[in-house]
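>>> build me a model from this:
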Amino acid sequence: MATKAADFRFHKQSNYWEIALSLGVDHAAVALLFFITPNVENANLHHFICSNDFWFIQLLTAAYKDPDPDFKFQGLPRLKELTLQAGSREGARGLAPFFLFPALSRLEVNKASDMYIHQEDWQPYTSNIDTLILNECNLSVEITEAIVLSCKALKTFEWYTEPGKTVRNLVTDRRFQVISSALLNHSTSLEKLVIPSLPAFKLIPDKYPALRDLRLFLRLKILRVALDTIVGRFGSDSDPELSLANALPPNLEQLELQFVWGYCDDAGIAPSSLTEANRKLLYTLSAFAGEAYRFPHMKVLRLCGRPKSLHHCDEIASMFKQLGVSVSMEQWPSRNEIPLTDNDEFAF
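Numbering: from 1, shown residues only. A predicted model of the protein is given here:
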């Protein structure tokens, strides 16, 4: 492979690349592998988007961010699906160029952080990716916003956090609305949306919903979200406009609701407050069941919460089942997944 590396020009650094290959530098070998197999359609890369993957990042940069007509590598024109697995919160300096791959439609990024990358690395409406999955990534709200805006027309956006954790800097409703506004750019294309829950503590005093305008997502079929994220922390009995039926898009087929209120007992909240929270939870769900006719395509409803909340949902589940909706209930989160209010997780 070292001989092969010497056969082409790499921005006047092919000699150094050859040395790296002879020394067994893994990311230099991966860069060479992509160079000699440009027609790959699916790839799963582990530990190759971290801060020190110099040769691999140089290859991507030369092809997409700083093209050189004399450089023989013209990217991966047939790559359709890509999974990137970073190490333990490694920086993702090589992440942005992947968004410029012309045929890439599905990208999954796991456990990457925003070290060594900047919001300016992504330009609006430049990526053909329509399925984007961010799994346990430690990305700031600003970086996540830039990533979402770089896609022309997302069909699927799945945003998962590590159990018991929240997205870094995603502490106030105001900051969450940055992502909400970015998603509005995909309101005519988005079909599946998975959003992490906000922390269930008094650190978020605003009673109004953080994720708004879901009714504008007319093609949205699958939604997974915390209930208070879309109807506000205090439920809908204080404001009819915050009802669940008014918050949801009309063509939903599958809905998963997470009850953040339902684990306030494990967060040290007084029992009287928990009782009031559950009362408002039941009011919100009962009102939704009464207006379920507004969602004729609804097939699946999944209720996820603490046992003290789910214990009161049997009657509501029966109401939906009578309408032909399949209902399941699941305990969420477990006791060891309760968020902790340390400075690192809740820094503004």
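>>> now the helices for this protein?
Using DSSP state H, the helices assigned to the chain run over residues 2-5, 14-22, 26-36, 54-60, 141-150, 173-183, 227-231, 244-247, 271-290, 307-310, 314-322.
>>> contacts for the last one, please.
Residues outside helix 314-322 that contact it (CB atoms under 8 Å, 6 or more residues apart in numbering): Leu282, Leu285, Ser286, Ala289, Ala292, Leu301, Leu303, Val327, Met329. C-betas here are computed from N, CA, C, even on glycine.
>>> what is the nearest of those residues to Ser105?
Nearest to Ser105, judged by CB to CB, of the contacts of helix 314-322 is Leu301 at 29.5 Å.
>>> on that earlier part again, what's the most buried one of the helices of the chain?
Stretch with highest mean neighbour count among the helices of the chain: helix 227-231 (a mean of 25; mean count of other CB atoms under 10 Å).
>>> and Arg106, how far from Ala20?
Note on Arg106: its distance to Ala20, by CB to CB, to the nearest Å, is 30 Å.
>>> one more: Asp130?
Taking CB to CB, one finds Asp130 at 35 Å from Ala20.
>>> just Pro250 next, same as before
56 Å.
>>> and the contacts of stretch 243-254?
209, 212, 214-223, 227, 230-231, 236, 240, 255, 284-285, 287-288, 291-292, 294-295, 297-302.
>>> show me where pLDDT drops low in the protein?
1-14, 47-54, 63-74, 87-91, 162-175, 198-210, 232-242, 260-277, 332-348 (pLDDT under 70).
>>> check whether Ala28 really touches Gln58, as I assumed.
No. Counting by CB atoms under 8 Å, Ala28 stays clear of Gln58, with 9.5 Å between them.
>>> which ones are touching Asn44?
Leu82, Thr83, Gln85.
>>> tell me what it is bridged to.
For Asn44, the beta-bridge partners are Thr83 (DSSP bridges).
>>> quick thing: my sequence starts at 9, can you match it?
Done: numbering now begins at 9, and the last item shifts to Asn52.
>>> the strands in the stretch 209-356 of the chain, which residues?
Using DSSP state E, counting those that start in this stretch, the strands of the stretch 209-356 of the chain run over 230-234, 262-266, 308-313, 334-339.
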